[in-house]
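Asks: fold the following and give me the result.
(one chain, ligands or ions: 1)
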Amino acid sequence: MSSENSPIREKSPFESHAEVIVRMFPSDANPAGNVFGGEILKHIDMVAGIVAQRHSQSNAVTVSMDSVNFLKPIFVGNVLSLNARINYVHNSSMEIEVKVEAEDIVTGIKTVTGTAFVTFVALDKNGKPMPVPKLSLKTDDDKIKFEEGKIRMEKRLQNRQK
Ligand SMILES: CC(C)(COP(=O)(O)OP(=O)(O)OC[C@H]1O[C@@H](n2cnc3c(N)ncnc32)[C@H](O)[C@@H]1OP(=O)(O)O)[C@@H](O)C(=O)NCCC(=O)NCCS
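Replies: Predicted coordinates for the structure are as follows:
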């Protein structure tokens, strides 16, 4: 692993968290008005990427996406809020958790419609994995999510395809 741009300080999950708001249009959905899963995945990947790049301050690429759950349907016209936070870091890898909430803008009703975990790897200028800042765990929630993220990452790597 390259030590170029080696991080110098720890960062808290709060420092990199991100929220993206996006409205769903007919081109995002099937003829019945249900938004495509792939459209949601695109936004999950994008908001998780913002968190990974904020934390690492480098180029960061998606290496895996897992535990993707579409819990409720999303319809044309809904306003999506995608909240993302970093749970766990190892050396170059970062686990980002994303929660998707859909709002019916007429009724104001908000529903959690999906969740996912996305792993990013930080790359240096030569495209090689590079170390990212360690996580400064400020809250009990930060500590719990770190430990849970560590267990998930170990399982991910056991199942990793070379
Ligand atoms: C990311 C990439 C550079 C990693 O290359 P690699 O040869 O696996 O590198 P390494 O074995 O040194 O692993 C680097 C890190 O990735 C992690 N990693 C690799 N595969 C993983 C997986 N499936 N799930 C979770 N983490 C993974 C390793 O655990 C390691 O983490 P660490 O540094 O924190 O210990 C390479 O897989 C790649 O370029 N993938 C394509 C990325 C991309 O283009 N994404 C966009 C979608 S196509």
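
Asks: need the strands for the protein, in chain order.
Replies: Counting by DSSP state E, one finds strands in the chain at the ranges 18-23, 59-70, 79-89, 93-103, 110-123.

Asks: quick check, the third one touching the ligand?
Replies: Yep, that's strand 79-89 we're talking about. No: using CB under 6 Å from any ligand atom, strand 79-89 never reaches the ligand; the gap is at least 7.1 Å. (Glycine included, C-beta is placed from N, CA and C.)

Asks: against which helices or strands is that strand packed?
Replies: helix 13-16, strand 18-23, helix 37-56, strand 93-103, strand 110-123, helix 140-158 (3 or more CB pairs under 8 Å, 6 or more residues apart in numbering; DSSP states H and E).

Asks: mind redoing it with 6 Å?
Replies: Judged by 3 or more CB pairs under 6 Å, 6 or more residues apart in numbering; DSSP states H and E, strand 79-89 is in contact with helix 13-16, strand 18-23, helix 37-56, strand 93-103, helix 140-158.

Asks: same check on the longest one?
Replies: Of the remaining helices and strands, those touching strand 110-123 by 3+ CB pairs under 6 Å, 6+ apart are helix 37-56, strand 59-70, strand 93-103.

Asks: again, but for the fourth one
Replies: For strand 93-103, the contact count by 3+ CB pairs under 6 Å, 6+ apart identifies helix 37-56, strand 79-89, strand 110-123 as packing neighbours.
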